[in-house]
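Novice: Turn this into a structure:
(one chain, ligands or ions: 1)
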Amino acid sequence: MIDTLLRREFPFASLKLLASARSAGTVIDVRGESIPVLEATPEAFEGVDIALFSAGGDVSLRLAPEAVKRGALVIDNTSAYRMAPEVPLVVPEVNAHEIFNHHGIIANPNCSTIQMMVALYPIYQVYGIRRIVVSTYQAASGAGQRAIEELKQTAAAILTGESPTASVLPVSKLEKHYPLAFNVLPQIDVFEANGYTKEEMKMVNETHKILADSRIQVTPTAVRVPVVYGHSEAVYVETEKPFVLEDVKNLLANSPGLILQDDPANQIYPQPLQAAGEFPVFVGRVRKDLFVENGLSLWVVADNILKGAALNAVQIAEIWVRQEGVL
Ligand SMILES: O=C(O)C/C=C/c1cccc(C(=O)O)c1C(=O)O
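Specialist: Predicted structure coming up:
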């Protein structure tokens with residue numbers, strides 16, 4: 001979040017870093033200034049204009065109202081408020097207008113939903129979308145620093161002929177754990193009664209809310225893969241209207257937040273290793289379905305920590321301060 005604020009040259013007059021009591025007291029260097037990390041208490045939000053939350057849903061539920069009460073705009077990166085009717089759920093390239101309907105809190109969508117919305121919104125606007133079938137290939141970083149370490153440890157173990165031991169992935173709070181190295185895990189977060197995981201249901205519900213269209217049939221499969229940064233998605237859509245493939249490619253190449261990388265003859269297509277650290281969403285492998293008239297497949301890759309979280313939140317803040325006349 002701090003790195004993204006600096007890369008975007010966000011015009012903050014001062015930066016207040018808040019965290020748990022356990023982290024309070026540490027000092028972070030920001031542009032040569034040593035900024036102390038303070039304990040996140042209700043009083044700590046006095047004088048704060050914009051509060052970027054990314055400390056888990058429980059913290060957001062407890063402290064976001066306290067920040068709003070003290071005059072802050074809260075941009076929350078957790079799912080705590082995403083489906084609350086009065087809270088805008090915003091992907092700036094899709095529904096930036098919703099930012100100005102906030103009542104103190106704006107929610108940042110789930111990382112996998114964000115990148116899919118950036119790629120599909122141009123298609124939705126021109127051709128309409130009846131159905132989405134998406135398989136995600138999600139990086140270990142989406143599950144946190146301990147998951148990244150476990151991927152590396154299990155890889156090292158296997159490469160040295162030892163048996164890998166896992167204690168974090170796929171879901172740290174559950175009993176069963178499996179090594180991610182040289183493996184894929186078709187579980188991200190816990191399973192719900194309908195057989196879909198919470199991560200998959202976020203993609204369904206958040207797509208409906210962001211596009212304000214609950215008619216769209218969304219069928220996700222969320223998979224953890226042995227990648228450190230960058231989520232990839234194989235997306236199949238059925239459009240309402242017929243399309244010409246070249247027109248779709250030109251549309252994607254000229255849409256906000258997207259870069260088209262689609263030159264199979266030269267093996268050009270998005271890859272997480274190349275997307276990591278970058279702001280855009282990358283789209284490629286755009287092709288017409290072989291059997292379904294209005295079927296279209298595409299491959300979508302983005303840095304899950306940037307566009308999937310920090311960048312999307314900072315972009316929301318940029319639009320808000322611009323409206324406030326600061327930018
Ligand atoms: O695991 C991933 O790749 C994405 C994880 C997202 C996540 C992890 C823990 C809690 C949450 C949450 O619900 O806040 C979220 C999220 O949807 O943003």
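
Novice: which residues of the stretch 201-327 of the chain fall in helices?
Specialist: For the stretch 201-327 of the chain, the helices defined by DSSP state H, counting those that start in this stretch cover 245-253, 272-275, 311-323.

Novice: For the ones you listed, could you give me a markdown table that also reports mean neighbour count?
Specialist: Just so you know, the C-beta spots here come from the backbone N, C-alpha and C atoms, and that holds for glycine as well. Compiled in a markdown table, these are given as follows (neighbours: other C-beta atoms under 10 Å):
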| stretch | mean neighbour count |
| --- | --- |
| helix 245-253 | 15 |
| helix 272-275 | 18 |
| helix 311-323 | 20 |
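
Novice: Show me the one of those that comes nearest the ligand.
Specialist: Nearest to the ligand, of all these, is helix 311-323, at 10.7 Å by C-beta to the nearest ligand atom.

Novice: nearest to Asp49, of the helices of the stretch 201-327 of the chain?
Specialist: Of all the helices of the stretch 201-327 of the chain, the one in closest proximity to Asp49, counting by C-beta to C-beta, is helix 311-323 (8.3 Å).

Novice: thinking again about what came up before, what's the closest of the helices of the stretch 201-327 of the chain to Leu169?
Specialist: When these are compared by C-beta to C-beta, helix 272-275 sits nearest Leu169, at 17.1 Å.

Novice: for that closest one, packing partners?
Specialist: When contacts are defined as 3 or more C-beta pairs under 8 Å, 6 or more residues apart in numbering; DSSP states H and E, helix 272-275 sits against strand 295-302.

Novice: quick one: average pLDDT of the strand it packs on?
Specialist: Per-region confidence: strand 295-302 scores 99 on mean pLDDT.

Novice: That strand close to the ligand?
Specialist: No: Strand 295-302 lies out of reach of the ligand by C-beta under 6 Å from any ligand atom, never closer than 11.6 Å.

Novice: and the residue of the stretch 101-250 of the chain found nearest the ligand, what is it in contact with?
Specialist: Among the residues of the stretch 101-250 of the chain, Gly142 lies closest to the ligand, at 2.0 Å counting by C-beta to the nearest ligand atom. Residues counted as contacts of Gly142 (C-beta atoms under 8 Å, 6 or more residues apart in numbering) are Cys111, Ile188, Arg224, His231, Asn304, Gly308.

Novice: and it, that's in a helix?
Specialist: Yes: looking at Gly142 with DSSP: H, G, I helix; E, B strand; the rest coil, it is inside a helix.

Novice: measure it to Val190 for me?
Specialist: Gly142 sits 15 Å away from Val190, going by C-beta to C-beta, to the nearest Å.

Novice: what pLDDT does the residue of the stretch 101-250 of the chain closest to the ligand get?
Specialist: So, for Gly142, pLDDT stands at 98.

Novice: For the helices of the stretch 201-327 of the chain, give me a markdown table that also has distance to Leu6.
Specialist: Formatted as a markdown table, those follow (distance: least, C-beta to C-beta, whole Å):
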| stretch | distance to Leu6 |
| --- | --- |
| helix 245-253 | 29 |
| helix 272-275 | 20 |
| helix 311-323 | 10 |
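
Novice: Save the ones you listed as TSV, and put in distance to the ligand and mean pLDDT too.
Specialist: Converted to TSV, those look like this (distance: least, C-beta to the nearest ligand atom, whole Å; pLDDT from 0 to 100):
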stretch	distance to the ligand	mean pLDDT
helix 245-253	24	98
helix 272-275	12	98
helix 311-323	11	96
